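J.: Here you go, sequence then predicted model.
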Amino acid sequence: MKFDGFTIEVPRKWKKIKLKGTDSYVGGIVTEDKDSIIFDYGLYSNSLDINQPIKDSIFWDVLRLNEGIDPDKAFKIRDSLINIINVDSLNSHITEFKEIDNKKAKIIYPKKGIRGTTGIYLDSIWDRNINGSVRFNFYGNNLKIESRDALIKAFNTLKFEKS
């Protein structure tokens, strides 16, 4: 399937849809199962950070609000809690990094079942201007298993035009 700036090989029955973006080129595909898959091609494309790292800002808030707490003790408690928790089990998605069309890509998909985001993100398609490089994402939410698997396979066929 051909879009402005890139191509992707998808199942024959999937249909292209046009969307209107504010600051980037957006569009999408509707699968045979009526799942929507949307892309954003521009300077501000979302990086699809589903599994955010655990932040310790809560500990700084506790320290700020309770001046009498010894910071060393607070961080020892934090560290012992982090050692007990299996952080990977908190992540709802699998994240893989690979090279597609000679570009670094991040692919995400749900760990279990169909609930969650399946998508790809490329941080730098090409440098457009001094404002930064052009980014790309292509994703769908809660895709049926057949659509999800076909989309992940299709990601490997992405080809970007030289600008």
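T.: Done, it's in.

J.: roughly how far apart are Ser36 and Tyr109?
T.: 16 Å (Cβ to Cβ, to the nearest Å). C-betas here are computed from N, CA, C, even on glycine.

J.: who's more crowded, those two?
T.: Tyr109 (22 against 15; other Cβ atoms under 10 Å).

J.: What sits closest to that one if chain neighbours are left out?
T.: Thr118 (4.5 Å; Cβ to Cβ, 6 or more residues apart in numbering).

J.: check contacts around the one you found.
T.: By Cβ atoms under 8 Å, 6 or more residues apart in numbering, the contact list for Thr118 reads Ile108, Tyr109, Pro110, Tyr139, Gly140, Asn141, Leu143, Arg148, Leu151, Ile152.

J.: now the strands for this structure?
T.: Using DSSP state E, the strands of the chain run over residues 2-3, 6-7, 15-18, 24-30, 36-42, 93-100, 103-110, 117-129, 132-141, 159-160.

J.: and those strands, which one's lowest on average pLDDT?
T.: With a mean of 79, strand 117-129 has the lowest mean pLDDT of the strands of the chain.

J.: domains of the chain?
T.: Domain assignment for the chain, taken from automatic domain parsing, gives 2-49+99-160, 57-90.

J.: Start and end of the first one, how far apart?
T.: This points to domain 2-49+99-160. 10 Å (Cα to Cα, to the nearest Å).

J.: check contacts around the closest residue to Thr31 other than its chain neighbours.
T.: Among residues not flanking Thr31 along the chain, Ser147 sits closest, at 4.3 Å (Cβ to Cβ, 6+ apart). Ser147 makes contact with Thr31, Glu32, Asp33, Asp35, Ile37, Gly140, according to Cβ under 8 Å, 6+ apart.

J.: Max pairwise distance over the residues you listed: which two?
T.: Glu32 and Gly140 (13.0 Å; Cβ to Cβ).

J.: Please consider this matter closed, and thank you.
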